[in-house]
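K.L.:
Quick one, what's the 3D model for this:
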Amino acid sequence: MCGISGIALSSRSRRSIDVAELERMRDVITHRGPDDQGIFVEARTGQIGFGHRRLSIVDIKAGHQPMANEDGTLQVIYNGEIYNHAEFRSSLEERGHVYKTHCDTETILHLYEEYGEECVDHLRGMFAFAIWDSRKRELFIARDRLGVKPLYYTQTNDGSLYFASEIKALLEARALKAEVNYQALPDYLANHAPSGEETLFSGIKRLLPGHTLLWRDGAIQIKRYWDVSFRRDESGARSDSDYIVEWSELFRESVRLRLMSDVPLGMFLSGGIDSSAIAAVMSGMVADPIKTFSVAFAEREANELQYARLVAKTFKTDHREVVVSPKEFFAALPKLVWHEDEPLAHPSSVALYFVSRLASQHVKVVLTGEGSDELLAGYGRYRKTMLNMQWGARYHQLAPAGIRNAVLKRVTGLSSGSRLRPKLMRTFLTLSPDIESIYFDNFAVFPRAMQSDLLTPEVCDRIGTGAVDPYSVIRSVLRQTDATSLLDRLLYADTKTYLHELLMKQDQMSMAASIESRVPFLDHKLVEFSARLPERMKFRGRTTKYILRESMKGVLPEEILSRPKMGFPVPVGAWFRGAFREVIDEYVLSERAVSRGVFDPAFVRSLVRQHQEFGEDHAERLWALVNFEIWQRQFFDGENAGHVEDSQLELAHA
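P.N.:
I've put the predicted structure just below:
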């Protein structure tokens, strides 16, 4: 695990690499690699520069980067792990390649020498890397299939390219001015974060998962080299037990591969079925007790430690826990927004940082359970969407318009304090039976119509689309898939959008504590097999992740197998109503926040009042507004919290 950064100046730039600039880019992400550092500037032209920070995991002594091939014509910087790198060593050596180390970085170089851009097809793991080919005068950049490792870039008007593992490194290069990307704002407000290649910084993009970027003297070519297919093999019927056996073997192999390490490793244990399954498989593959780490809040509704303790006891792990107070939670926010580079999409990011900090005292690598829900239909919203679409189509077909209007009037006329009203408002009784209404709008933070009230006219003019459209990226994604069923289309959309943000949360919060996180559920061979499974193997009746539960029968305690999905509840809604109302006062209602002219003050005040005084739940919306303001203070007002040590964290409004 490392941090990478680089500059490729076009011939039109008429300048050479400023080493101090490159060092700033490299060192602002020291947390990603505190063990080692390196710089490469091409001597021939001075127009190519790489910076690298290393967290030493494999071949600790010899893995220094940037790394060159045998004759020095190639240079690579790399972030991630290639789990199958050892499989290639013998064959590559037989072809004349000379290894100087035992690390996976060198295998990437040799595979590139053999296969060029198609080297990515041979890699199994998580990665973001850049290779400078001095013979071709080309810079080749690649990102792993699912986007476990981040890669951001910006291109200046003269064609020069700046890239890095984190956005803050690009800002250190001063190649562009930090400005809000208003075109990405509706996407952020609806979907927790920008969904595609855009970021909230104008001019800064992310290289999408499963894509490569080729730069040659100012010209960029981006290609997609991988996508997940949902086409099923209909040549012969297979039994459920056949699917379960094969899936289980792939899952076990994925866990085994992710135990590759020359340093101590452990895992995050939530007590849900995903992390519990990893603990079960992992415990049978290592000699010593697994080191497991859990996090919770003191509030009962946000504390699931009893489940994690049950799993830890079952598999005799070396278990540790941390309980985060609301004061610690809010004190950490500015620092963690700085680490994230964009507003924190989910409150659980804060908890993830605290458990990462705990783990970093004992290990350098952790396994985590991300990806299972998007793989195997683990979210309750999938079932709700399918039922609403099915029943809604029949309802609109059979019920006359007069009856539908009467029902709609009756539901909307229920008192705002009614427990039934918010539930009915999210069903086919009030929504059109189409995917935008039933799925996109229904589960958005700020749905499309609400954004028209939230955003000021000036911001709407800046967006410049004539109408706010937060779902354009998701619509574009759905046009790319070969999935035909509604469920598979939803899984594809979430894999390309929602999962990406979860992975960035996982990467940046663990890297903030200088530890590496690995995700066994997102091995691409397991993902490909899972996508092609019949729907009955993903969920059956009310049972989610059916194939995972079946594969863990007799292995995990029944309490874990049968418990409903809880996500990771964080009681920010209650905190915003109680002792930490000051957080809303400062970051949402203050003159400083209002004066930015982004959000309509009257609408925001109404939202806060509904939440704090009338019991309506706007926790997600207020969280988005709080984080957007903190983000602006960090990156536009200069209140840089990145240098704040954990021991110095204080809550200004406690």
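
K.L.:
which parts of stretch 285-300 are buried?
P.N.:
290-297 (16 or more other Cβ atoms under 10 Å). C-beta here means a position set from N, CA and C on the backbone, and glycine is covered the same way.

K.L.:
Alpha carbons only: can I get it in PDB?
P.N.:
Extracted as PDB, the C-alpha positions of stretch 285-300 are listed here (Å, rounded to 0.1, in the frame of the first residue of the first chain):
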ATOM      1  CA  MET A 285      -5.700 -20.700   7.200                       C
ATOM      2  CA  VAL A 286      -3.500 -19.200   9.900                       C
ATOM      3  CA  ALA A 287      -1.700 -20.800  12.800                       C
ATOM      4  CA  ASP A 288      -2.000 -18.000  15.300                       C
ATOM      5  CA  PRO A 289      -5.200 -16.400  16.600                       C
ATOM      6  CA  ILE A 290      -6.600 -13.800  14.200                       C
ATOM      7  CA  LYS A 291      -6.300 -10.200  15.400                       C
ATOM      8  CA  THR A 292      -9.800  -8.700  15.100                       C
ATOM      9  CA  PHE A 293     -10.900  -5.200  15.700                       C
ATOM     10  CA  SER A 294     -14.400  -3.700  16.200                       C
ATOM     11  CA  VAL A 295     -15.900  -0.300  16.800                       C
ATOM     12  CA  ALA A 296     -19.200   1.000  18.200                       C
ATOM     13  CA  PHE A 297     -20.900   3.900  19.800                       C
ATOM     14  CA  ALA A 298     -22.200   4.000  23.400                       C
ATOM     15  CA  GLU A 299     -25.800   4.400  22.300                       C
ATOM     16  CA  ARG A 300     -27.600   1.100  22.400                       C
END
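
K.L.:
from now on call the first residue 52
P.N.:
Sure thing, new numbering starts at 52, so read that last one as stretch 336-351.

K.L.:
Off-centre distance for it?
P.N.:
Centre-to-centre, stretch 336-351 and its host chain are 22 Å apart (Cα atoms, centre = their mean, to the nearest Å).

K.L.:
go on, stretch 484-501?
P.N.:
Counting by Cα atoms, centre = their mean, stretch 484-501 comes out at 22 Å from the chain centroid.

K.L.:
hmm, who's touching that stretch?
P.N.:
By Cβ atoms under 8 Å, 6 or more residues apart in numbering, the surrounding residues in contact with stretch 484-501 are 237, 240-243, 432, 436, 439-440, 443-444, 446-447, 477, 479, 482-483, 505, 519-522, 525, 537, 540-541, 671-672, 675.

K.L.:
Give me the mean pLDDT for that stretch.
P.N.:
What stretch 484-501 shows for mean pLDDT is 94.

K.L.:
what are the ranges of the helices in the stretch 352-501 of the chain?
P.N.:
356-365, 377-391, 399-411, 423-427, 431-449, 452-463, 471-475, 486, 499-505 (DSSP state H, counting those that start in this stretch).

K.L.:
Give me whichever of those helices is most buried.
P.N.:
helix 423-427 (a mean of 25; mean count of other Cβ atoms under 10 Å).

K.L.:
What is that one packed up against?
P.N.:
helix 324-334, helix 537-547, helix 575-582, helix 597-602 (3 or more Cβ pairs under 8 Å, 6 or more residues apart in numbering; DSSP states H and E).

K.L.:
Out of those, which is closest to Ala653?
P.N.:
Nearest to Ala653, of all the helices and strands packed on helix 423-427, is helix 537-547, at 34.1 Å by Cβ to Cβ.

K.L.:
Just flag the most distant two among the buried residues of stretch 336-351.
P.N.:
Going by Cβ to Cβ, the pair spanning those furthest: Ile341 and Phe348, at 24.1 Å.

K.L.:
That's all I had, so thanks and see you.
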